[in-house]
Structures are given as C-alpha cells and as structure tokens.
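Enquirer: Below are the sequence and a predicted model for it; my questions follow.
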Amino acid sequence: MGTIYINEKDGPVDGPYPVDLGDDTVDTDEIVDDAVTGAKILDGEVAVADLAATLDLSGKTVTLPSGVITYSADAGATGATVKMYHNSASPAADDSVALLNFHGNNDAAAEKAYGRIEAVIEDPSAGTEAGILGFYAGKGGAFNDDPEFGVATEGVSVTRTDDGAAGPGLELFHESASPAALDTVGRITFSGNDDGDNFTEYASISGVLLNPADGAEAGGLYFSAADGAGGNPTIMSLNGTTAALNMTRTDNGAEGATVQLSHDSASPATDDEVGYIKGIGKDDGGNNQEYAQVALGIVDPADGAEAGFIDLRVANGSGTVESSAIVDNFGFWAEKALFLMTEEITATSETVAASLETVVTAITTNGDSDLDNVSLADGEDNGQIKKFVVSAVGNAADSVKITPAKMIGGTQITFAANPLGLGCEMVWNAAADGWVVVSNNGGTIA
C-alpha cells in the first residue's frame, strides 16, 4: 500500500503525529499513540507509513486538513491507487458504487454542493459487467438526476437540463500566444482497428483558424476521411469568411465529389420530394426571403421502373417560390416557357408561328424579296419572355414583321429590308392581357 501525505502546517516540526482510527471522527490535530499507523512528520506534512493490513473505516468520518496526496514508491509501471469498493451482496443496475462529493460554502457561509463524480452499475451480470461514470455540476446546491457529462461503454453523453433555448455544449480551446492562419484550434478524431489489428484513424473533424486578426477573426471546419490508400485528406471544408462549402475527391477515378440527399420513406409515392436545396437571402425590409429552390422528387416509385424529377423553382415577384422548369424522364419541361433554348424558323409572307416553348426564335427570311410575317400567340404566364432575332436573310430585299395576337401599344413590329442582326424582346403582361415590347433593335412599332 502506498504512503498518504497530509498537509499540516500547524503541527509540531517533528515527533509522532499519528491518526487515531479508534474514534468515529478522526482529526489530525489529535496527537495520540503512533503505534497504530507509525505516522511521522516530514517537512510539515504528515506521512502515514505503509500499512500491513487494510484498515476498516466503515461508519467513521475522517477529517483531514487540505491537501491529500496518494504516493507510490513502486519502481514498476503502476502508480499510486485509490480504490473505492462497494461490497454489496445484491448488486443491481443503477446502484451507486462510489461517490466523490465536492462541497464548499456560498457567500452566506452555508455549505453547498458544487460538484460530484459518481460510478454507477449499468449491468451487474457476471461476464458482462458494465458501469457508468457520471460527472455532475451543482446548481442551487443540488444535482440533476442525469450527469452533465457521462461515460459509458456505449460512449460519452453530454446533457443540459435547464429550460433555456441553449442545449449542451462542448468547447475545444487552443490557448496560443501566437495564433496563426491554418492553426488547428480543436480536433475530433474517429479511430478504430483494421483487420490486421492496427490502430487506424478513419475520420476527423478539425476546427481551423483562417484569420487571427483582432476584429476580423475567421475560422473553418475541415472534414477528413481515410482515402483507402493510407492517407487522410480533407474531403469537405466550410469557410466562415466566404460561407462556402468545398468538397474534394482525391482518387484518380472517373467520379467526382458527391452530395447525397436521401428520403428514407416506407411508403414512397409519385410527387414525393426526396430532397431540396434552398437559396435564402434578405429582402430590403430585412426579412429572410427564399429566392430559389431546387427540388428532387419521385415520378414513379415502382420497383424496376423508378423515375425521378428535378424541379427548378424561383420567387415569382410576390414572395412565393413557384416551379419554373422541370427535368424528368420524359424531358425538359417549362412551367413558364423559360427555357434558354432557341428555335429556328424560316419566315414567309404566308405567316409562320413562333413557339411559346422556347425563349429565343431565330428567324431566317425566305429570300422572295417581300415582307415575311411571324405570328405569336398569347403568353401562358405573367412575365413570360420571348425574344426574336433575324439570324439570316435569304435576300437583301427581304423584310419581316412580328405580329402578336395581342400587343400593348401597337399591333406589330416591322424590321425593314436587309434586317440581319435586328430583333426585339417581349414580355407577357397578364394584367394588361398583351405582349409588351421591352427591347427593340431596329424595329418599327405600328
């Protein structure tokens, strides 16, 4: 058994200074027969010499001055040990094996509990014994039922039991006198064995200092994972300065980095969304506003015939996000005819209709030296855009006009002879029930 040193500066400089274990309460200020322990004063500290037998302190309170140190002079690998043993004939789950309570006074000189460490039985079964070590912080002189920090065979738990909005926190603090960019301020590592029983780091999360300047502090989170080739590269990082998410794949294969959104549903159905990405920013009133969204969903969930869609959605000018275009197994569909695709038509004097399913119509005149005509039906949605450009002329004497079914401020826009490169842009105004020319290069509205 090791030696116990007890700080005691008020006793004699030398001479016997034992502890009487016969009393219910033992105070080291008592000077009694040292035959019980063979205690001696060493430089103002009481040394209780090695004991030949275990002392039974059951039912007794030992009062010691501040400063108790366990000490071992063993040259082996094992140091000083303190053992707390609950010798129960009927151990059960949730039994307290041992407690260390930390008490102090408050500012009214009343004794209060400030901390506790408790070992509890999780499983007393022979061969599968398991325990829990709980660390408690006092609040109002008492402790919560669950520890703030718990260690068990399943892992570590952190619990916060107040009614506030904040949950439990874990802080990793690097106290450096010379912080520099790219310093790691904290790191969580996930390690295990490989099939050769070698210790292997499989993943880690690091907090990295990007800018240590006072008033301009910036940091990032780096996520690393074993790459199958002995390395542990950063595969994803979050940059606090640019609010950017970066993903990196380091192998030499054909596939790049991947983001996977999964909806684990027991009853998938057509039009279910399996994931979406939102773009949110402030409006000029300081309110959060969703401006755009990409939704991923199901067209057909049937086994062997699975089909999906991508729905591109944007704010419609009144604060609501609506579908603008859909990509599915049937093709690319425009909800508002906003495809940035171009159709090519050859205009004639007998009239050729422009499509509403594309934004741009490229016109070629037919070369018969007369006025060709391109018609345009009513728009389908408010704000629909239609652009016309003369991309080729069959004859320099050709001219062309655009005649919408309904047009605000006129009935047609005409591009005179040799109109190569000329054109216009129109927007459908549902409230006014007509097309409005918003851009005109060389045309005459009549």
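Expert: Done, it's in. The structure presented is a predicted model; accordingly, all values stated were derived computationally and were not measured.
Enquirer: any idea where the helices of the chain begin and end?
Expert: Applying DSSP state H to the chain gives no helices.
Enquirer: Next, the buried residues of stretch 88-99.
Expert: Buried residues in stretch 88-99, counted by 16 or more other CB atoms under 10 Å: Val97. The C-beta positions use only the backbone N, C-alpha and C, and glycine is treated the same way.
Enquirer: first to last residue in that stretch, what's the distance?
Expert: For stretch 88-99, the separation between the terminal residues is 15 Å (CA to CA, to the nearest Å).
Enquirer: distance of Gly167 from Thr161?
Expert: Between Gly167 and Thr161 the computed distance is 10 Å (CB to CB, to the nearest Å).
Enquirer: Please apply the same query to Asn366.
Expert: 82 Å.
Enquirer: Same drill for those two, tell me which one is more crowded.
Expert: Comparing Asn366 with Thr161 by other CB atoms under 10 Å, the one with more neighbours is Asn366, at 18 against 12.
Enquirer: All the strands of the stretch 151-300 of the chain, residue numbers only.
Expert: Assignment of strands within the stretch 151-300 of the chain using DSSP state E, counting those that start in this stretch yields the ranges 155-158, 184-193, 199-211, 218-225, 234-239, 244-247, 273-282, 288-300.
Enquirer: What's opposite Asn288 in the beta bridge?
Expert: Beta-bridge partners recorded for Asn288 (DSSP bridges): Lys282.
Enquirer: what's around it, how many residues?
Expert: Residues lying near Asn288 (other CB under 10 Å) number 8.
Enquirer: give the contact list for it.
Expert: The neighbours of Asn288, taking CB atoms under 8 Å, 6 or more residues apart in numbering as the test, are Ile280, Gly281, Lys282.
Enquirer: how does the protein divide into domains?
Expert: Segmentation of the chain into domains, based on automatic domain parsing, reads 1-83, 96-158, 184-247, 273-334, 342-445.
Enquirer: In TSV: the ones you listed, plus mean pLDDT and distance to His174.
Expert: Shown next, in TSV, are these (pLDDT from 0 to 100; distance: least, CB to CB, whole Å):
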stretch	mean pLDDT	distance to His174
domain 1-83	46	29
domain 96-158	90	20
domain 184-247	92	4
domain 273-334	88	33
domain 342-445	93	53
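Enquirer: any idea which of the ones you listed is most buried?
Expert: Across those, averaging neighbours per residue (mean count of other CB atoms under 10 Å) puts domain 342-445 on top, at a mean of 17.
Enquirer: start to end distance for it?
Expert: 24 Å.
Enquirer: Run the chain-centre distance for that domain.
Expert: Centroid separation between domain 342-445 and its chain, computed with CA atoms, centre = their mean, to the nearest Å, is 51 Å.
Enquirer: now do stretch 92-112
Expert: 37 Å.
Enquirer: Repeat that for stretch 307-315.
Expert: 25 Å.
Enquirer: ok, now stretch 127-139?
Expert: Computed by CA atoms, centre = their mean, the separation of stretch 127-139 from the middle of its chain amounts to 29 Å.
Enquirer: any residues touching it, and which ones?
Expert: By CB under 8 Å, 6+ apart, stretch 127-139 touches 97, 102, 112-123, 143-144, 146-153.
Enquirer: what's the answer for stretch 269-283, then?
Expert: So stretch 269-283 is contacted by 261-263, 265, 288-301, 308 (CB under 8 Å, 6+ apart).
Enquirer: Could you rerun that using 7 Å?
Expert: The contact list for stretch 269-283 (CB atoms under 7 Å, 6 or more residues apart in numbering) reads 261-263, 265, 288-301.
Enquirer: Equivalent analysis for stretch 217-232, please.
Expert: 200-211, 233-241, 250-251.
Enquirer: can you give me the end-to-end distance of that stretch?
Expert: End-to-end distance for stretch 217-232: 27 Å, by CA to CA.
Enquirer: and what of stretch 221-234?
Expert: Start and end residues of stretch 221-234 are separated by 10 Å (CA to CA).
Enquirer: Check stretch 391-410 too.
Expert: Stretch 391-410 end-to-end distance (CA to CA) = 24 Å.
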